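1. Provided below for reference: sequence and predicted model.
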Amino acid sequence: MVLKLTTNFAKNCRQEIDVAKFSYTLEKDFTLKDGKEFSMSIERFQCAEILFQPNLIGESSRGIHELVCESVARIENNLQKQMYGNIVVSGGTSLLPGFVERLKDGILAHTNEIVKIIAPKNRNISAWYGASKLCTGASFEECWVSKEEYDEYGPTIVHKKCPY
């Protein structure tokens with residue numbers, strides 16, 4: 001809960017960190033439910049920035065914006081423009097202030113296409129909602145695994161019955 005209350009994305013993280021080194025303008029006070037108070041400055045941006053710059057914590061993986069661009073680059077050229085125009089975000093992290101804008105800016109640094117990011121209001125439960133729709137479909141019954149089947153075949157039965 002503290003992460004949700006305190007963290008947000010900076011449009012330009014490096015610039016925000018430089019400003020914070022010489023000023024208190026980015027410092028913000030917070031009060032927890034138990035009454036304890038604390039202040040945060042650049043930490044508010046650094047925590048979230050790891051999604052875009054994993055190297056900040058010593059990871060060699062690429063940032064989320066680069067992964068999106070790589071995924072789009074793997075599909076047929078004639079579909080790439082349409083994909084950049086229909087990027088949907090979901091999950092709790094996408095609710096952090098500034099996430100959508102930071103993601104869009106990161107993607108635009110790698111492409112000249114028009115980028116549109118769709119951020120549904122209920123995106124914190126989008127995965128659950130999608131799974132519930134999948135499970136209520138008639139064809140999904142073929143994927144059900146009974147306890148007896150699981151006990152007999154183990155986890156591989158899931159891949160045999162549900163090749164999605």
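-> Yep, that arrived.

2. Thought Val115 was touching Leu108, still the case?
-> Yes: counting by CB atoms under 8 Å, Val115 is a contact partner of Leu108 at 5.6 Å. In short, each C-beta sits where N, CA and C put it, glycine included.

3. Tell me which of those two has more neighbours.
-> Set Leu108 next to Val115 and count neighbours by other CB atoms under 10 Å: Val115 wins out with 22 against 15.

4. Give the full set of residues in contact with the more buried one.
-> By CB atoms under 8 Å, 6 or more residues apart in numbering, the contact set of Val115 is Tyr84, Gly85, Ile87, Lys104, Ile107, Leu108.

5. Can you lay out the residues you listed as JSON lines showing distance to Tyr150, pLDDT and secondary structure?
-> Formatted as JSON lines, those follow (distance: CB to CB, whole Å; pLDDT from 0 to 100; DSSP: H, G, I helix; E, B strand; the rest coil):
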{"residue": "Tyr84", "distance to Tyr150": "41", "pLDDT": "97", "secondary structure": "helix"}
{"residue": "Gly85", "distance to Tyr150": "42", "pLDDT": "97", "secondary structure": "coil"}
{"residue": "Ile87", "distance to Tyr150": "36", "pLDDT": "97", "secondary structure": "strand"}
{"residue": "Lys104", "distance to Tyr150": "43", "pLDDT": "95", "secondary structure": "helix"}
{"residue": "Ile107", "distance to Tyr150": "41", "pLDDT": "96", "secondary structure": "helix"}
{"residue": "Leu108", "distance to Tyr150": "46", "pLDDT": "96", "secondary structure": "helix"}
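
6. Could you identify the pair within the residues you listed that is furthest apart?
-> Farthest-apart pair in those is Gly85 and Leu108; separation 12.6 Å (CB to CB).

7. what are the ranges of the strands in this structure?
-> Per DSSP state E, the chain has strands spanning 28-31, 37-40, 87-88, 117-118. These are given in chain order.

8. Could you spell out the sheet neighbours of the third one, each with its direction?
-> If I follow you right, that is strand 87-88. Next to strand 87-88 in the sheet, as set by DSSP bridges, lie strand 117-118 (parallel).

9. Contacts for the strand it pairs with next, please.
-> Asn86, Ile87, Val88, Val89, Val100, Leu103, Lys104.

10. Now a ChimeraX select for only the buried ones of those.
-> To isolate the buried members of the contacts of strand 117-118 in ChimeraX, using 16 or more other CB atoms under 10 Å:
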select :87,89,100,103
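
11. As JSON lines, the contacts of strand 117-118 with distance to Lys147 would be great.
-> Formatted as JSON lines, the contacts of strand 117-118 follow (distance: CB to CB, whole Å):
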{"residue": "Asn86", "distance to Lys147": "40"}
{"residue": "Ile87", "distance to Lys147": "39"}
{"residue": "Val88", "distance to Lys147": "35"}
{"residue": "Val89", "distance to Lys147": "36"}
{"residue": "Val100", "distance to Lys147": "42"}
{"residue": "Leu103", "distance to Lys147": "42"}
{"residue": "Lys104", "distance to Lys147": "46"}
